[in-house]
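Novice: Just to be clear, the model below is a prediction. Sequence and coordinates:
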Amino acid sequence: MSMRVLGRCGSAAGDEEESSFDKTFDLQQTEPGKNVNLRITNITSKIVRDVSDVGRDLLDTATYVYVLDGSVRRGGDTDVYGRGWVREFTLRVPVRDVAVWNARRSQLERLLTYLTDDEYTFEFVPHTGDPEQPFLEFESHEPFPGADCVCLFSGGADSLAGAVKLARDGRNPLLVSHRSVGVLDRRQKDLRTEVSRLLGSWSFPHLSLWAHRQDLRPYEHTQRSRSFLYLSLAAAVANELDIEEIHIPENGVVSLNLPKLEQAVGARASRSTHPKFIAEFEELASSLLGRPLRVRNPFLLQTKAEVLEEIKRAGHPEVLGLSVSCARTRRGTRAIPHCGECSQCVDRRFSAVAAELERYDPKERYDCDIFTEELTDEGRKQVEAYVRAARRFEAMSIDDFFSEHRSVSDAADCMGGTVSQAIEALYDLHQRYAKQTLQVIEKQIVAHAPAVARGAHPRRGLLALVADERLHRVPAAVLGDKIAKLLAETLPIQFQSEPPDSEKQLQDGIEAALKSGGERLRREGPAVSYSLVETIPDFSSEEARSDLYVEAKLIKNRQSLRDTIHSMARASSYYVDEGARALFIVYDTDRHIKDDAEFAEEFEKKGGVQVTVIR
Amino acid sequence: MGHLRLGRLPGYPNWQRVVETLADPAEGLQEVVAETADAARAELRSSANRPYVWYPYWLLIHLARHAREPVAFERVLHQQGIELGDEESAVALVSALTQALQDQRDGFGPPTAIDELALDAFQKTVGEIVLSGAYSLFGTTTDDVRRAFAHFAPRRAFGKLSGVYLGALYGRVLRYFLSFELGNHVGPNERFESLDDAEDFSRSLERYVRRASELVEEFAEGWYSKQLWEEEEISQDAVRRFLHVALRKFQQQLELETE
């Protein structure tokens, strides 16, 4: 059963508990009873100005949402049924223009529900009480001369790349940070100072927001609403400075955050920069502020490795070392800021190797090196999930990629262009991500081959999970190789005077070749059922330790090539899902396939599939 | 950013039996599945009452029953708040159908974990329905979607559709619960020596559930025929009641396999 929580904010606070709620909180930003601290500091120069009413209301509302989020537990890590995950929040918030907020209430509630999975009900009441001190300190009329966009700046690698890219593109970003702990504040400042020094073209002015409850530490650390606070600050500041563009740089794989583990349903895999959330925030903020506001993620269609290459391209890859991605912010030290085992560290480590930036992000800055050291149970689970997800993405057809992930549909609706085009772009992104990840593993296996060969690699490390597999070769693969070689030698001779007319004729030729080569395979069977479809391989062997299914394909023209590609993709999924190996013999006399290796690779990368093109 | 919150199975005896069975290489897939299904039994039973679980199933049936006529099919879509826009592609329609279900949240209430899995199972099932008549979802039109649904109105085909949805749901539920523990048993001297072994186990589980769902198909066909004969329509209430029984049948099927 969901916890029902009432947040009475500012002048809406009351004296009595309200019995229809399980918990009631009074949240105050001013005395008496101040228990919420919202502070925005301008790090680079002193300035004073009042913020517009709607900007202040947006920031207040986002602060209350964030603080309440941290005040109520979500059910704990054994809540496997998810009954405690969703909380029902009612917030009574004083605003300066009730009509404006009421008109957008449903929009705000839906946006927050998508971001956090929680239920929200807002009751907007007229703001009363004493005029407050201005809290955005801007001293001149144009406090950041030349700033033409706002860039969210967490101090991580992606936001660093975002700031750097904007500067290289000739833009002048105002950096906006949220600091949840003091150590983050110092890191963000140091990184900003160094970027400004190295790039020289722009001063990178920097605003930092601190929002927390003063009277107690947060009970709940998932912080799913943080992104709303962060963007609200950016929108309020942009509005004051007549800026219409906000950048929230995050690589696309993390933005979509497709579940790496089956337990990550709903917003358990965070949606901080999901395209749907970004699009809905943009619409809400523009409507509230009465001006067009564009919120952009410049890296939506890039992997983290590709994002890190932006830093390389700027000519100062050394600055990567100052960025910190670790989720365990309180644990890290200046010398070793990364734990190495959280999902963010794992992703960063793989990506730095993929982008060939290991020199600037050395393993010594990680408390645990996932490639060479023993992993804790938690670390092994994160690494296992990460690598298995990459393998799954690589093996997936675009149809499976779409059908298996609702998050993909959510994103595709909001990316502009057609839904089909958006899904194709996201699929391509994940294919590249999978390839980059698996290439990193290959590299590590090669680099540590002597240790692996002697069995000297850590038995509870990543290499133990993947390297040992390569020692076992499934007999079906051996049989498949043998048959492919036999047919590649005999079929061209059989059909040298006249190519086969039909697939049946090709199959007859294959049957003859197999018999004369002493290979016993069953023709036309068995039927393999998958979901609503049944497929029958042309030949099958049940003598191998796992099944081998063989299909013959005849390419007569471009249309038949297209049809063949589709049917091979589908059949591959069925056979591999059955735990079998698939061998496709593709007869292509008129060279409709331009590049045999590339054609074969498209199917073979899934694993369990072999393609031989014969002429 | 990109945070993933990991959980673990509760300490109750039924869940600890799942942990023990998974840890023991001598216990086969069937035993692991049976213990997991048993531990999740009460939650699954109560989920059949939840609109996130029965409504998608009813919607699949409703779409199939009205798919022979384009006008009737469009009316069903319209009732879900879907208007066919400029992009007449299958993926756009499948996306819109899932979105329409998600938009029911105000009426359905906050989703549990199994509710989320039911929405995933719905999208997967719609995808499979379209792919039963096309090589790919891409390059396929909304009218192809309608025609694909129309194939599943007759009794025998309806059984298959039910098998797919129930199999997709049950498979996801099992994998969901097992995902809290499986990662603890991957590595040298563990049940799964390598990632390949863990992946093989997942694939075997999928196949196992698919076979179990085939045995529920016949049962679904019988219910469908009887319902149409007696009521001439398939009401939401009838679907909800049937789902109770069907999930129980599924459970029994999985338990039978271990005997």
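Specialist: That came through fine.
Novice: CA atoms for contacts and neighbours, from now on please.
Specialist: Fine.
Novice: Nearest to the spatial middle of the chain, which residue is it?
Specialist: No chain was given, so I picked chain A. residue A:254 (1.8 Å; CA atoms, centre = their mean).
Novice: The chain in question should be chain B.
Specialist: residue B:169 (2.3 Å).
Novice: Residues contacting the helix or strand encompassing that one, please?
Specialist: In the assignment (DSSP states H and E), residue B:169 maps to helix B:155-178. With contact meaning CA atoms under 8 Å, 6 or more residues apart in numbering or on different chains, helix B:155-178 is reached by A:80, A:262-263, A:531-532, B:9, B:33, B:36-37, B:57, B:61, B:114, B:117-118, B:120-122, B:124-125, B:129, B:151-152, B:202, B:205-206, B:209-210, B:212-214, B:216-221, B:224-225, B:247.
Novice: Stretch A:92-101 now?
Specialist: A:6-12, A:53-54, A:57, A:61, A:122-128, A:288.
Novice: can you check stretch B:40-60 too?
Specialist: Residues outside stretch B:40-60 that contact it (CA under 8 Å, 6+ apart) are A:81, B:101, B:108, B:111, B:114-116, B:118-119, B:122, B:126, B:162, B:165, B:234-236, B:239-240, B:243-244, B:247-248, B:251.
Novice: cool, stretch A:317-324 as well?
Specialist: Residues contacting stretch A:317-324 (CA under 8 Å, 6+ apart): A:155-157, A:160, A:187-188, A:190-191, A:194-195, A:311, A:337-338, A:357, A:360-361.
Novice: and which of those is nearest to residue A:516?
Specialist: Nearest to residue A:516 among those: residue A:357, at 54.8 Å, using CA to CA.
Novice: can you count the residues close to that closest one?
Specialist: For residue A:357, the neighbour count with other CA atoms under 10 Å in any protein chain shown is 21.
Novice: got it, and residue A:213?
Specialist: Residues near residue A:213, counting by other CA under 10 Å: 22.
Novice: among the contacts of stretch A:317-324, which ones are buried?
Specialist: A:155-157, A:160, A:187-188, A:191, A:195, A:311, A:337-338, A:357, A:360-361 (16 or more other CA atoms under 10 Å in any protein chain shown).
Novice: how many other residues sit next to the closest residue to residue B:152 other than its chain neighbours?
Specialist: With CA to CA, 6 or more residues apart in numbering or on different chains as the criterion, residue B:152 has its nearest non-adjacent residue at 5.0 Å, and that residue is residue B:158. Applying other CA under 10 Å, we find 25 residues neighbouring residue B:158.
Novice: same deal with residue A:408?
Specialist: Counted with other CA under 10 Å, the neighbours of residue A:408 add up to 24.
Novice: separation between it and chain B?
Specialist: Distance, residue A:408 to chain B, by CA to the nearest CA, to the nearest Å: 9 Å.
Novice: Give me the secondary structure label for residue A:271.
Specialist: Under DSSP: H, G, I helix; E, B strand; the rest coil, residue A:271 falls in the coil class.
Novice: Now do the contacts for it.
Specialist: A:115-116, A:224, A:255-257, A:277, B:2.
Novice: Kindly report the same for residue A:65.
Specialist: Contacts of residue A:65 (CA under 8 Å, 6+ apart): A:91, A:225.
Novice: same thing but at 7 Å, please
Specialist: Applying CA atoms under 7 Å, 6 or more residues apart in numbering or on different chains to residue A:65 gives no contacts.
Novice: where's it, which helix or strand?
Specialist: Residue-wise, residue A:65 maps onto helix A:53-71 under DSSP H and E.
Novice: mind listing what's buried in that helix?
Specialist: A:54-71.
Novice: Low-confidence ranges, chain A, go.
Specialist: A:40-50, A:129-143, A:180-183, A:216, A:467-475, A:542-546 (pLDDT under 70).
Novice: An error on my part: the question was meant for chain B.
Specialist: For chain B, the stretches with pLDDT under 70 are B:1-5, B:86, B:256-259.
Novice: List the buried residues for stretch B:188-202?
Specialist: Quick answer for stretch B:188-202 (16+ other CA under 10 Å): B:191-198, B:200, B:202.
Novice: no wait, stretch B:57-75
Specialist: Under the neighbour-count criterion of 16+ other CA under 10 Å, stretch B:57-75 has B:57-68, B:73-75 buried.
Novice: out of the residues you listed, who's nearest residue A:167?
Specialist: Distances from residue A:167 to those, taken by CA to CA, are shortest for residue B:74, at 50.4 Å.
Novice: Give me the contact list for stretch A:7-25.
Specialist: A:3-6, A:26-29, A:68, A:90-94, A:127-129.
Novice: Show me which of those are buried.
Specialist: Buried among these (16+ other CA under 10 Å): A:3-6, A:26-29, A:68, A:90-94, A:127.
Novice: residues contacting residue A:232?
Specialist: A:58-59, A:62.
Novice: These into a markdown table, with extra columns for distance to chain B?
Specialist: Supplementary listing: these in a markdown table, determined by distance: CA to the nearest CA, whole Å:
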| residue | distance to chain B |
| --- | --- |
| A:58 | 22 |
| A:59 | 21 |
| A:62 | 18 |
